[in-house]
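In: Generate coordinates for the sequence data below:
(chains A and B)
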There are 2 protein chains.
Amino acid sequence: MAETAGGTKDQVLHGGDLDAARAAFSGAPEPWIDLSTGINPWPYPLPAIPDTAWTRLPGRGDEDALRTAAAAYYGAPSAAHTAAAPGSQALIQMLPRLRPPGRVSVLGPTYAEHARAWAAAGHAVRTVGRAEDLDGEVAVIVNPNNPDGRAVGRADLFALAGRFAARGGWLVVDEAFADVAPELSVADAVEWPGLVVLRSFGKFFGLAGVRLGVALAAEPLAAVIRDAFGPWAVPGPTLAIATQAFRDEAWIAATRRRLSAEAAGLDRALAGLGFTVISGTPLYRLASHTFATPIVNALGRAGVLVRRFEDHPEWLRFGLPPDEAAQRRFVSAVQDVVDK
Amino acid sequence: MAETAGGTKDQVLHGGDLDAARAAFSGAPEPWIDLSTGINPWPYPLPAIPDTAWTRLPGRGDEDALRTAAAAYYGAPSAAHTAAAPGSQALIQMLPRLRPPGRVSVLGPTYAEHARAWAAAGHAVRTVGRAEDLDGEVAVIVNPNNPDGRAVGRADLFALAGRFAARGGWLVVDEAFADVAPELSVADAVEWPGLVVLRSFGKFFGLAGVRLGVALAAEPLAAVIRDAFGPWAVPGPTLAIATQAFRDEAWIAATRRRLSAEAAGLDRALAGLGFTVISGTPLYRLASHTFATPIVNALGRAGVLVRRFEDHPEWLRFGLPPDEAAQRRFVSAVQDVVDK
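Out: Residues are numbered from 1 along each chain as shown, chains lettered A, B, ... in the order given. Next comes the predicted model:
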């Protein structure tokens, strides 16, 4: 899952668009501070990448090693339950093309690319506000949800999965932000027919540019997804980096702790500026403020990009400031508005 | 296009599978010399990659720059006529899912992933031996062909494109090896409705691990292909490397000259070993030998991998040896068989 909570039109509004921000606030100081995404600002340190990862086609052994490491990290039953793709967005694009057109429901509001992708492939898509209203052949839940952190518990997910499996359908659970909420994940339960879990490498590991997503599903469905992407789907350098990162238990544990602590600090800063923190995950916080619009403009003039929402003009979503200087620039720009 | 000329079964035999070669010839010296692919062994020198290419989602501006550079290098009318994907294999996988199931014909024998991908998406696929026998709604031609270098001229391609466009169909021309035969390319003619040209970055530039393919088509169809892949389809480091490489006219010209000279040298070596060189491109040579099977085994024991063909046991395909030591190991192993 990537960054947006816009509508379901062809062009979805995403976070991270610094080009547009620079155009809108042409006098802002460089470099911009991008707080508009939910990407860990303290990335996994890049290992040395062997030359052959760039020059050769990725070997089957390289992809097998990646899938084995991914299964262990996500808690999936085995590598045979995994399919690797160049980004979880690529999985979102492909899944709708692996079923005949049918009825799809999405628990929303949420990451808008799900509804867009299913509709683009000819499915009839409906967004519903409550999990019990999900219907049709395919249901999609982002868990925890972007942007509001709403979580559906495992027991409810299993009940839903059973309901959709009974009709030959799928329950798609996008766990793009579950690295920081592992207790929510149903990756261990993908033996269940029709349960499809999507994971995103780039957010928690802070390496969104490498493009890696992993689908977890029962073995036959995982094989169908792998076949749809064909050979050499994931770049060689990405395989080398992610295989090492998935196995680095010490970095993973330390990063979970750090992100939680930093998010708590961000919440305190937001409260001090008059924001009401609604929810979120340790990778982003959703907050509301009466002066959200002037705050966005003040931040833009200060070269700070945050995520806003057309349908909720008082909402803003904040990623974690990467360092103290960023935190100061952010707080100072908001303070100027609040003090007026 | 990648490396194979096997059948149209689910699992296609590809070149470059060193893992399998190591298992088959367990005592062979390391490192193996891989002559089984058509990848330039003198890769484009990797530029410095900015950290943000790894950590951030690739920006729209980054992809626009890549597509503009690709259009210029391939001679396409504009960036709007291009779609970038993570590998030309990814394009081969996706194209069949962008049309309702129909009748597809492939000019063969050729790279087997085309027939496999169209069949997997529900199309009725037929392989024909002559261009004039191509029929159905979609025709696929690999030009120049892998493995035999067979070329269909531009005039014939335009006539075919017209025939398929008239029925609302596509002519797919896979130009994976046209970097070394630019006079064959129809990339400049993709204004023509229904003409789809596929290009592969990794082979000529020697960077198969970065995963980049480019589709060239009329603007509406190019937009459909871009939409099918969605945002952030190509990794950030790949965009950075390929944009620079596409613009490097001096390297491109020098590499075309070098590959032609090296291929001529390989032909002389093959002739001296009793091979009949059938054809090929400057990136690979197809040759036949009465003793092909013992030669493959002798090469395997010497840690040299070449491409063989189930249906033509006397055929072998050779990529360019990367250096004199590789050339000596290759010649010496073959000589041992020939001298017996």
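In: OK, contacts around A:Tyr74?
Out: Residues near A:Tyr74 by C-beta atoms under 8 Å, 6 or more residues apart in numbering or on different chains: A:Thr82, A:Ser185, A:Ala187, A:Val197, A:Arg199, A:Val214, A:Leu216. To be clear about C-beta, it is placed using only N, CA and C from the backbone, and glycine gets the same treatment.
In: no wait, A:Gly303
Out: Counting by C-beta under 8 Å, 6+ apart, A:Gly303 has contacts A:Phe25, A:Ala28, A:Pro29, A:Glu30, A:Pro31, A:Trp32, A:Ile33, A:Arg329.
In: Likewise for A:Ile141?
Out: So A:Ile141 contacts A:Leu107, A:Ala131, A:Leu134, A:Val152, A:Leu157, A:Leu160, A:Leu171, A:Val172, A:Val173, A:Asp174 (C-beta under 8 Å, 6+ apart).
In: can you pick the most crowded of the contacts of A:Gly303?
Out: Neighbour counts for the contacts of A:Gly303 (other C-beta atoms under 10 Å in any protein chain shown) peak at A:Ile33, which has 25 neighbours.
In: Any idea what that residue is bridged to?
Out: For A:Ile33, the beta-bridge partners are A:Val304 (DSSP bridges).
In: now the strands: where do they sit in chain A?
Out: A:33-34, A:82-85, A:103-107, A:124-128, A:138-142, A:170-174, A:195-200, A:213-216, A:276-281, A:284-288, A:304-305, A:307-308, A:315-319 (DSSP state E).
In: Could you export those as TSV, including mean pLDDT?
Out: Formatted as TSV, those follow (pLDDT from 0 to 100):
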stretch	mean pLDDT
strand A:33-34	95
strand A:82-85	98
strand A:103-107	98
strand A:124-128	98
strand A:138-142	98
strand A:170-174	98
strand A:195-200	98
strand A:213-216	98
strand A:276-281	96
strand A:284-288	97
strand A:304-305	96
strand A:307-308	94
strand A:315-319	97
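In: Nearest to B:Arg56, out of those?
Out: When the strands of chain A are compared by C-beta to C-beta, strand A:33-34 sits nearest B:Arg56, at 7.5 Å.
In: Give me the helices and strands touching that closest one, please.
Out: strand A:304-305, helix A:324-339 (3 or more C-beta pairs under 8 Å, 6 or more residues apart in numbering or on different chains; DSSP states H and E).
In: buried residues in stretch A:295-309?
Out: Neighbour-count burial for stretch A:295-309, counted by 16 or more other C-beta atoms under 10 Å in any protein chain shown, picks out A:295-296, A:298-300, A:302-309.
In: so what's A:Leu46 up against?
Out: A:Leu207, A:Ile241, B:Trp54.
In: can you map out the helices along chain A?
Out: Taking DSSP state H, the helices of chain A run over residues A:18-24, A:51-55, A:60-74, A:88-94, A:113-120, A:154-166, A:201-204, A:219-229, A:236-246, A:249-272, A:292-301, A:324-339.
In: Mean neighbour count, the ones you listed: which tops it?
Out: When the helices of chain A are scored by mean count of other C-beta atoms under 10 Å in any protein chain shown, the highest mean neighbour count falls to helix A:201-204 (a mean of 28).
In: contacts for that one?
Out: Counting by C-beta under 8 Å, 6+ apart, A:1, A:38-40, A:87-88, A:176-177, A:179-180, A:207-214, A:242, A:245, A:255, A:259, A:283, B:57 sit against helix A:201-204.
In: tell me which of the buried residues of stretch A:295-309 is nearest to chain B?
Out: The shortest gap between chain B and any of the buried residues of stretch A:295-309 belongs to A:Leu305, at 11.7 Å (C-beta to the nearest C-beta).
In: quick one: buried residues of stretch A:314-324?
Out: Judged by neighbour count using 16+ other C-beta under 10 Å, the buried positions of stretch A:314-324 are A:Trp315, A:Leu316, A:Arg317, A:Phe318, A:Gly319, A:Leu320, A:Pro321, A:Pro322.
In: What separation do you get for the third one and B:Gln335?
Out: Shown here: A:Arg317 relative to B:Gln335, a distance of 68 Å by C-beta to C-beta, to the nearest Å.
In: With the fifth one instead?
Out: A:Gly319 is 63 Å from B:Gln335, where distance means C-beta to C-beta.
In: returning to what we had before: can you redo the contacts of A:Ile141 as a markdown table with distance to chain B?
Out: Listed next are those as a markdown table, based on distance: C-beta to the nearest C-beta, whole Å:
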| residue | distance to chain B |
| --- | --- |
| A:Leu107 | 21 |
| A:Ala131 | 26 |
| A:Leu134 | 23 |
| A:Val152 | 25 |
| A:Leu157 | 26 |
| A:Leu160 | 26 |
| A:Leu171 | 22 |
| A:Val172 | 16 |
| A:Val173 | 19 |
| A:Asp174 | 14 |
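In: Out of those, which is nearest to B:Arg67?
Out: Minimum distance to B:Arg67 across the contacts of A:Ile141 is 28.4 Å, recorded for A:Asp174 (C-beta to C-beta).
In: Counting neighbours, what do you get for A:His81?
Out: 24.
In: With A:Val142 instead?
Out: 27.
In: Enumerate the residues of the stretch 101-250 of chain A near chain B.
Out: A:113, A:117, A:120, A:202, A:206-211, A:227-238 (C-beta under 8 Å from any C-beta of the partner chain).
In: Now with 7 Å, please.
Out: Listed as neighbours of chain B in the stretch 101-250 of chain A under the rule C-beta under 7 Å from any C-beta of the partner chain: A:113, A:117, A:120, A:206-211, A:227-233, A:235-238.
In: Quick one, grab the pLDDT at the closest residue in space to A:Ala165 that isn't next to it in sequence.
Out: Among residues not flanking A:Ala165 along the chain, A:Gly194 sits closest, at 3.9 Å (C-beta to C-beta, 6 or more residues apart in numbering or on different chains). Among the per-residue scores, A:Gly194 shows a pLDDT of 92.
In: Likewise for the one 10 residues further on?
Out: Here the pLDDT value assigned to A:Phe204 is 98.
In: do the one 3 residues further on as well
Out: pLDDT for A:Leu207: 98.
In: ok now do it, which residues does it touch?
Out: Applying C-beta atoms under 7 Å, 6 or more residues apart in numbering or on different chains to A:Leu207 gives the contacts A:Pro43, A:Tyr44, A:Phe201, A:Ile241, B:Trp54, B:Thr55.
In: let's see it at 8 Å
Out: Contacts of A:Leu207 by C-beta under 8 Å, 6+ apart are A:Pro43, A:Tyr44, A:Leu46, A:Phe201, A:Ile241, A:Ala242, A:Ala245, B:Trp54, B:Thr55.
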